[in-house]
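# here are the coordinates; sequence isn't available:
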């Protein structure tokens, strides 16, 4: 039996931030700079590449302005558990900076919204990135192997909404007091099966092939069609299950896909977003609900675990995946301690809320400064969740990826010699002087899996 290491995973979250100034006060002209200025002093910042307001942090992550949003990126992390910790912390760092601005009377108040859609169906980004070997990844070229990978991901990305859905309250047409609770957010807006773009064309699968690593060895799955979850369990499950599904492809265990090809993935995405119990038609005319597709993927992943030695953390994801399927089949409300849309629906129905109050609950789920979100972060946790471990990532990068190496290199030099920082390289200005050790002008960090690098000549 061969051992497969935990995958390198990272996330990108576009956060909508509304600043409420005091009367007669204007909003900060540079929100990113204001947030940087209110970070804990122990968190250092370094100039990024290509953007005016683009900063890497000593936590290994990055924040920058992307259109009208602030984008918070987690560092390269190993496995779903670590990637979930670093994603939560990347958002919490921004939240805490805004809270300091409020406490110091720099602003009157703020709202920081973490979701992927508004009431007009305008979307913003929440993306997960999964490192894959180049030999297993070539979505742009048509071949039996790439077509198999696309089919596999279409099945997972359309049906995962049953556990990954963030939920949304939608008013029924021509009925001001009547509303429905949808399971998914991003899937409502899907326009194409595949596309190289993310903004103008809303694809299930993004074809962007930007490895941010040695392109001859590595590829990157850029996952753009999932929801941003408040529940740590759902965030963890989404990352872990997607990694397991990718391993089915990497280990050539995809023969089951002959019976699992969705006839119209775009329509199915929208149908499952509205109601995961909708029947989707396959090319063989069989009909499956989202939970049925998820159970097939789980069953195949479980079979894979009998032949390949998975890391203990991925076996935990597998166990929880099976438990979630069983709980959903018994009664979806059993998952209210794990799944955002189910908890949202449960609260609204239990309290018999009207549309106006239901919409307030819907909005509170995306407001990171709300007590509801704080409670969900504390309660809807995954197995082995550890608050002390979570706190460690507030100040330190993951120790077993190049994030640690990048931070270590930057910590050894004077800030004045740093030209720019990127995920896969650091550029220095001329450092040939008597006060600073001579450093290579450009340090490549194109292997995401290692944290060892000599920087001084």
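Perfect, I can see it now. On a predicted model such as this, the values are computed, not experimentally measured, just so you know.
# quick one: low-confidence parts of this protein?
Along the chain, segments meeting pLDDT under 70 span 1-4, 176, 430-439, 452-457.
# quick one, longest strand in the protein?
When the chain is parsed with DSSP state E, its longest strand is strand 8-20.
# got a list of what residue 310 touches?
For residue 310, the contacting residues are 4, 244, 247, 304, 318, by CB atoms under 8 Å, 6 or more residues apart in numbering. For the C-beta atoms, the positions are set from N, CA and C on the backbone; glycine is no exception.
# Any chance of TSV for those residues, columns neighbour count, distance to residue 345 and secondary structure?
Below are the contacts of residue 310 laid out as TSV (neighbours: other CB atoms under 10 Å; distance: CB to CB, whole Å; DSSP: H, G, I helix; E, B strand; the rest coil):
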residue	neighbour count	distance to residue 345	secondary structure
4	16	37	coil
244	25	27	helix
247	20	32	helix
304	19	33	helix
318	19	27	helix
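# next one: the longest strand of the chain to chain centre, how far?
10 Å (CA atoms, centre = their mean, to the nearest Å).
# Enumerate the positions of that strand that are buried.
Along strand 8-20, these residues count as buried under the neighbour rule (16 or more other CB atoms under 10 Å): 8-15, 17, 19.
# how about these in a markdown table, adding distance to residue 71?
Rendered in a markdown table, the data for the buried residues of strand 8-20 read as follows (distance: CB to CB, whole Å):
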| residue | distance to residue 71 |
| --- | --- |
| 8 | 19 |
| 9 | 17 |
| 10 | 12 |
| 11 | 10 |
| 12 | 6 |
| 13 | 7 |
| 14 | 5 |
| 15 | 7 |
| 17 | 11 |
| 19 | 17 |
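# Mind jotting down where the helices sit in this structure?
In the chain, helices defined by DSSP state H lie at 31-36, 79-103, 144-159, 161-164, 232-250, 265-274, 290-305, 312-330, 340-350, 355-364, 371-379, 387-392, 402-411, listed in chain order.
# From the ones you listed, pick the one with the highest average neighbour count.
Sort the helices of the chain by mean neighbour count, taking mean count of other CB atoms under 10 Å, and helix 161-164 sits at the top with a mean of 28.
# Which other helices and strands does that one contact?
Helices and strands touching helix 161-164, by 3 or more CB pairs under 8 Å, 6 or more residues apart in numbering; DSSP states H and E, are helix 232-250, helix 265-274, helix 290-305, helix 312-330.
# Reformat these as JSON lines; add distance to residue 131.
Formatted as JSON lines, the entries for the helices and strands packed on helix 161-164 read as follows, by distance: least, CB to CB, whole Å:
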{"stretch": "helix 232-250", "distance to residue 131": "10"}
{"stretch": "helix 265-274", "distance to residue 131": "25"}
{"stretch": "helix 290-305", "distance to residue 131": "19"}
{"stretch": "helix 312-330", "distance to residue 131": "15"}
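# and residue 403, which of these is closest to it?
Among these, helix 232-250 comes nearest to residue 403, with 16.2 Å by CB to CB.
# ok so, going back, among the helices and strands packed on helix 161-164, which is nearest residue 63?
Sorting the helices and strands packed on helix 161-164 by CB to CB, the top spot, which is the nearest, belongs to helix 232-250 at 18.7 Å.
# Quick one: distance of the closest one to the chain centre.
If you compare the mean C-alpha spot of helix 232-250 with that of the full chain, they lie 11 Å apart, counting by CA atoms, centre = their mean.
# next one: stretch 271-278
Mean C-alpha position of stretch 271-278 versus that of the full chain (CA atoms, centre = their mean) differs by 22 Å.
# So what touches that stretch?
Contacts made with stretch 271-278 from outside it, assessed by CB under 8 Å, 6+ apart, are listed as 158-159, 161-162, 165, 180, 182-188, 280, 289-291.
# go with 10 Å
By CB atoms under 10 Å, 6 or more residues apart in numbering, the list of residues contacting stretch 271-278 from outside reads 117, 158-163, 165, 168, 170, 180-190, 227, 264, 267-268, 270, 279-280, 287-294, 328, 332, 341.
# who wins for proximity to residue 388 among the helices and strands packed on helix 161-164?
Comparison of the helices and strands packed on helix 161-164 against residue 388 by CB to CB identifies helix 232-250 as nearest, at 14.7 Å.
# In contact with residue 123: list those residues for me.
Listed by CB under 10 Å, 6+ apart, the contact partners of residue 123 are 14, 115-117, 185-186, 188-189, 198-199, 202, 224.
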